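Trainee: coordinates for the following, if possible.
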Amino acid sequence: MSDPGLQGHAALVTGGARGIGRAITLTLAARGADIAVVNTSPESAALIKAEVESMGRKCLSIQADVGDPVAVKLACERATAELPELDILVNNAGITRDRLLWRMADEDWDAVLRVDLSAAFHFTRALTRGMTRRKFGRVINITSVIGQMGNAGQANYAAAKAGLIGFTMSVAKEFGTKGITSNAVAPGYIETDMTAGLTDEIKGAMLGHIPAGRFGVAQDVADVVAFLASQEASYITGQVLRVDGGMLMG
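Mentor: Purely as a prediction, here's the structure:
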């Protein structure tokens, strides 16, 4: 059922055409927001655009490398020109380049930090100007429980996701008096294309550490993002909401 709670608002979702990003895009659209999707796949972008427009919402599809500051600048300029009410930013795009530390190439480190952390800085810096003028804004960063607990073979990913948490809190303090909230959502094990390749043995071991007794799905994350984007979450800022079935407690 459609919920018009975000009517009159527009959201930009990076990596918004697949996996968790796709669920976030469709959930925000279902709640009344127009959408700008930043993605690298023309095929996935075309599909999500059609789905959003079938709900009666505007959907702007932008192909851009979020790890390129110039591409981000151009994407933001286009998005704000076509969706002047853009006041919700979901920094969701992310990649992994997993290797043990001694085997991790400089390029593996740099690529993950650029996409998973620096992109959030560039998008937030550009789009908070309009949010400040509107006196309303939501910055929602998709981090990970790995950013809080670390993981062997993922030093680059863990560092980027931990950095995103610190960035989230700094933005919350800097923009709190301007009607802008900044929060992070930290998924645990979510069933997506990224996790589909794990062996049954690894999945079974992970499931044993999840009190909820199941793996998460993308919609679990999308519903939390939609709440944080809403007026009901106006007094929540600088927080990390874990969506992990209790996997990481304390």
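Trainee: and A186, what's its pLDDT?
Mentor: At A186, the pLDDT value in this model is 98.
Trainee: hmm, it is touching Q239, no?
Mentor: No. Assessed by CB atoms under 8 Å, A186 is found out of contact with Q239, at 10.1 Å. Placement of C-beta: from N, CA and C, glycine included.
Trainee: in terms of neighbours, single out the busier of the two.
Mentor: A186 (24 against 16; other CB atoms under 10 Å).
Trainee: sec struct for the more buried one, please.
Mentor: The three-state assignment at A186 reads strand, by DSSP: H, G, I helix; E, B strand; the rest coil.
Trainee: tell me how many other residues surround the residue nearest to S230 when sequence neighbours are not counted.
Mentor: Take S230 and drop its neighbours on the chain: the residue closest to it by CB to CB, 6 or more residues apart in numbering is G5, 5.5 Å away. Number of residues near G5 (other CB under 10 Å) recorded here: 18.
Trainee: then the one 4 residues further on?
Mentor: The criterion is other CB under 10 Å. On that basis, H9 has 23 neighbouring residues.
Trainee: residue with max distance from the center of the chain?
Mentor: Of all residues in the chain, W102 sits farthest from the chain's C-alpha centroid, using CA atoms, centre = their mean; the distance is 29.5 Å.
Trainee: assign that residue to helix, strand or coil.
Mentor: Strictly by three-state DSSP, W102 counts as helix.
Trainee: any idea how far the residue nearest to S230 is from L26?
Mentor: Per CB to CB, to the nearest Å, G5 is found 15 Å from L26.
Trainee: how about N39?
Mentor: The span separating N39 from L26 equals 14 Å under the rule CB to CB.
Trainee: can you pull the phi/psi pair for the residue most central in space within the chain?
Mentor: When the chain is reduced to its mean C-alpha position, the nearest residue by CA atoms, centre = their mean turns out to be N92, at 2.2 Å. Reported as degrees, to the nearest 10, the phi and psi values for N92 are phi -110, psi -20.
Trainee: now the top helix by length along the chain: mean pLDDT?
Mentor: Taking DSSP state H as the assignment, the helix of the chain that covers the most residues is helix 155-175. Across helix 155-175, the average pLDDT comes to 98.
Trainee: helices of the protein, start to end?
Mentor: Listed in chain order (using DSSP H), the helices of the chain are 19-30, 42-54, 69-82, 106-113, 119-134, 146-149, 155-175, 200-207, 218-229.
Trainee: CA atoms only for the lowest-mean-pLDDT helix or strand in the chain, dumped as PDB, please.
Mentor: Within the chain, confidence by mean pLDDT, DSSP states H and E is lowest for helix 200-207 among all helices and strands, at a mean of 83. Listed next in PDB are the C-alpha coordinates belonging to helix 200-207 (Å, rounded to 0.1, in the frame of the first residue of the first chain):
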ATOM      1  CA  ASP A 200      26.600 -23.300   3.000                       C
ATOM      2  CA  GLU A 201      29.300 -23.900   5.600                       C
ATOM      3  CA  ILE A 202      30.000 -20.200   6.000                       C
ATOM      4  CA  LYS A 203      26.300 -19.300   6.000                       C
ATOM      5  CA  GLY A 204      25.600 -21.900   8.700                       C
ATOM      6  CA  ALA A 205      28.400 -20.600  10.900                       C
ATOM      7  CA  MET A 206      27.100 -17.100  10.600                       C
ATOM      8  CA  LEU A 207      23.500 -18.000  11.300                       C
END
